[in-house]
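A.B. asks: 3D model of this:
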Amino acid sequence: MNDRPGLQPRETVGGALRAVARSILADARAAIEDRDRIEAVAVHDFRAAMKAWRAFLRLIEPFLDEGDQHWRVEARDLARALAGARDAQAALDAIRDVEFHAASHRLSSRSWETMRQRIEELREAAETASLNAPMRKRIAAALDRADARIEQWPLDAVTFEDVAEHLAAAYRRARHAVPDDWRAASAEDLHALRKHVVVHRYQMEIVEPLWPRLGRTWVKEAQRLRNRLGKCQDLAVLTNFASPHQPLARWRSPLSSVITQRQGRHLESARRIAARLFAERPKAFRKRLEAMWTGASTTPP
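C.D. replies: Got it, this is the predicted structure:
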C-alpha cells in the first residue's frame with residue numbers, strides 16, 4: 001500500500017498539494033539528517049527527492065505568485081552541488097552493463113578490470129562535493145525556507161481540472177519528445193526525452209490514489225522508460241571516455257561494438273515502453289484523468 005499523499009476527492013485539492021509538498025521535503029530532509037545512511041546513499045536519496053520536488057514545482061508554478069518562481073532553480077542548484085563525479089559513475093554503470101550483457105566481445109576480464117580501475121581513479125579525483133557540515137546546513141536552511149512557505153501558497157482556489165490541464169501539458173511535452181526514428185535519435189534527443197519522462201513519472205504519483213492499481217502501473221512503466229533511457233545516456237558517456245586521447249581510448253574499437261549492441265537493446269525496449277505509455281493523445285489523457293477523479297468522487301469511502 002502506498003501511503004504517500006496525493007489527490008483525493010475527499011480532500012481539497014489545495015490541501016492535498018500542500019501535503020504532497022511537505023512529504024517530498026520530508027524525504028529530502030531525512031536523506032541529509034539520517035547519519036546512519038552511507039553518504040553515497042544519502043546523496044542519491046536527496047537528489048531523487050529534488051527531482052520529485054522540481055517535477056512537483058513545475059506542476060504548481062502556474063498557480064504561485066511571481067515571488068515563488070525561484071524554488072525550482074534553487075532545488076536544481078542544490079542537486080548539482082552534490083553531483084560529484086556523475087560522469088565517471090555513469091561510465092562505471094555502463095561498463096557493468098556491457099560486460100554483463102554482451103553476448104560476445106574481444107575484451108578479456110583483465111581489460112574490463114583495468115578500465116574500471118581507470119574510471120574509479122577519475123571518479124575519486126573528481127569527488128569534490130560531499131555532505132559535510134556546511135553543505136548539510138545549507139540544504140537544511142533551504143528546506144526550512146520552502147517548508148515555511150508552503151502554507152502561504154495561493155492554492156485554495158485550485159481545482160482538479162486545473163491540475164489535470166498541467167499534468168496533460170507535461171504528458172504532451174514528453175510525448176512530443178519521443179523520436180520518430182529511435183535509431184537516428186541523438187544522445188541529446190534521448191536526454192531531453194528522459195528529462196520529460198522524469199517529470200511525468202513524478203507528477204503521476206500525485207494522482208495515483210485516484211486509481212491505485214492503474215496509477216502504480218503507470219508510474220512503474222514511466223520508471224522503466226526512464227531507466228532504459230538512463231542506460232543509453234550512461235553508454236554515451238562511456239563512448240566519450242573511449243574517444244581519442246581519453247582514458248579508455250585503447251579499447252575504443254572493441255568497446256564500440258558492444259556499446260552499439262547494448263544501445264540497440266535499450267532503445268528497442270524504450271521504444272516499446274514509450275509506445276504504450278504515450279499511446280493516447282494529450283486531450284484523451286486529460287479526459288482519462290478527469291474520469292478517474294469523477295469515478296473516485298462517486299465511490300463510497
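
A.B. asks: and the nearest residue to Arg47 once chain neighbours are set aside, what is it in contact with?
C.D. replies: Distances taken as CB to CB, 6 or more residues apart in numbering place Ala79 nearest to Arg47, at 4.9 Å, with adjacent residues excluded. For the C-beta atoms, the positions are set from N, CA and C on the backbone; glycine is no exception. By CB atoms under 8 Å, 6 or more residues apart in numbering, the residues touching Ala79 are 46-47, 50-51.

A.B. asks: between those residues, which sits nearest Ala184?
C.D. replies: Lys51 (28.1 Å; CB to CB).

A.B. asks: report pLDDT for that closest one.
C.D. replies: Model confidence at Lys51, given as pLDDT, is 96.

A.B. asks: and Ala83, by the same measure?
C.D. replies: The per-residue pLDDT reported for Ala83 equals 81.

A.B. asks: just Val158 next, same as before
C.D. replies: Looking at Val158, its pLDDT reads 97.

A.B. asks: how much space separates it from Ser23?
C.D. replies: 18 Å (CB to CB, to the nearest Å).

A.B. asks: please apply the same query to Ala291.
C.D. replies: Using CB to CB, Ala291 is found at 26 Å from Ser23.

A.B. asks: likewise Ala192?
C.D. replies: Ala192 is 28 Å from Ser23, where distance means CB to CB.

A.B. asks: just say helix, strand or coil for the residue nearest to Arg47.
C.D. replies: What DSSP: H, G, I helix; E, B strand; the rest coil gives for Ala79 is helix.

A.B. asks: swap in the one 5 residues further on?
C.D. replies: When the structure is split into helix, strand and coil by three-state DSSP, Gly84 lands in coil.

A.B. asks: can you give me the neighbour number for it?
C.D. replies: By other CB atoms under 10 Å, 18 other residues sit near Gly84.

A.B. asks: quick check: mean pLDDT across whichever helix in the chain runs longest?
C.D. replies: Longest helix of the chain, by residue count under DSSP state H: helix 212-241. Helix 212-241 shows a mean pLDDT of 96.

A.B. asks: list the buried ones in it?
C.D. replies: The neighbour-count check on helix 212-241 (16 or more other CB atoms under 10 Å) flags 215, 218-219, 221-239, 241 as buried.

A.B. asks: ok, stretch 269-286 next?
C.D. replies: Buried residues in stretch 269-286 (16+ other CB under 10 Å): 269-271, 273-274, 277-278, 282, 285-286.

A.B. asks: kindly report the same for stretch 120-129.
C.D. replies: Buried-residue list, stretch 120-129, by 16+ other CB under 10 Å: 122-123.

A.B. asks: now do the helices in the stretch 151-300 of the chain.
C.D. replies: Counting by DSSP state H, counting those that start in this stretch, one finds helices in the stretch 151-300 of the chain at the ranges 160-177, 187-204, 212-241, 252-277, 282-298.
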